[in-house]
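> When you get a sec, could you give me coordinates for this:
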Amino acid sequence: MKRALVIGARGGIGAALVQELETRGYTVTGVSRSGDGLDVTDAASVERIMGALEGPFEVVFVAVGTLAAGGVPEKSLGAIEARRMLDVYAVNAVGPALVLAQLERLLPSDGPSFVGVLSARVGSIGDNKIGGWYSYRASKAAVNQIVHGAAIEIGRKRKQAVIVALHPGTVETPFTAGYAGHKKVGADAAASNLCDVLLGLTVDQSGAFFDYAGEGVPW
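Residues are numbered from 1 along each chain as shown. A predicted model of the protein is given here:
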């Protein structure tokens, strides 16, 4: 029996990932804030929810995130609000870190596993040509580093684990409702793309950053 875990299963992409994985024959466990009380910014909440799960899971998606913690992305340095920036970091970087810290025991000890943590291309320092969006960009750059480090650490014991950061594209969800001028893809198509990419990776690609088409994204 193939099993999958989706963290953030009630979100636009998360819900689509649940459906896509079920279509592919996985028995899916989904956890979320609205469904299970999971607060990824609170270590006790993450430990409680993750600690109640029983693995192993061959596939895991961490699909949590916030664009601007209830505000709008900054267009300039002067628009940065310290409290809001910390809130964005808490969800986008600290949250996935706390989840990854609880994940190793839920992965197969002697078989392949695939873990995809949703990031964003705008978190790429090398790809940043226009500036702005300071909190979101920086938080996604931070989670990329966290994913890379987790892939190294978890990979020491889970030799067949593939752990990567994934850019899903601009997906048609409430999360991106304020985007203008961006080509968007439906959540179902995005979920299919993400599964195709993640499940097609090999151990030597663990710790890297890929987009929805399987292309590497610069750090």
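
> For the protein, give me the ranges with low pLDDT.
173-182 (pLDDT under 70).

> Quick check: residue 86 vs residue 131, distance?
In this view, residue 86 and residue 131 are 21 Å apart by C-beta to C-beta, to the nearest Å. Glycine gets a C-beta too; all of them are placed from N, C-alpha and C.

> Neighbour count for the two, which is higher?
A side-by-side neighbour count of residue 86 and residue 131, using other C-beta atoms under 10 Å, places residue 86 first with 14 against 11.

> Quickly find the element holding the more buried one.
Assigned by DSSP states H and E, residue 86 belongs to helix 82-89.

> what's near enough to touch residue 75?
Shown in contact with residue 75 (C-beta atoms under 8 Å, 6 or more residues apart in numbering): 132, 133.

> how about it, secondary structure?
Here residue 75 is recorded as coil under DSSP: H, G, I helix; E, B strand; the rest coil.

> what does stretch 16-24 rub up against?
If you take C-beta under 8 Å, 6+ apart as the criterion, stretch 16-24 is touched by 4, 6, 9, 28, 30, 59, 61, 63, 187-188, 190-192, 194-195.

> So which of the residues you listed are in strands?
4, 6, 28, 30, 59, 61 (DSSP state E).

> and those as TSV, adding neighbour count?
Shown next, in TSV, are the ones in strands among the contacts of stretch 16-24 (neighbours: other C-beta atoms under 10 Å):
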residue	neighbour count
4	23
6	30
28	20
30	21
59	24
61	29
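
> Of those residues, which is the nearest to residue 161?
When the ones in strands among the contacts of stretch 16-24 are ranked by distance to residue 161 (C-beta to C-beta), residue 59 comes first, at 11.1 Å.

> partners of the closest one in the sheet?
When bridges are called by DSSP bridges, residue 59 pairs up with residue 4, residue 114.
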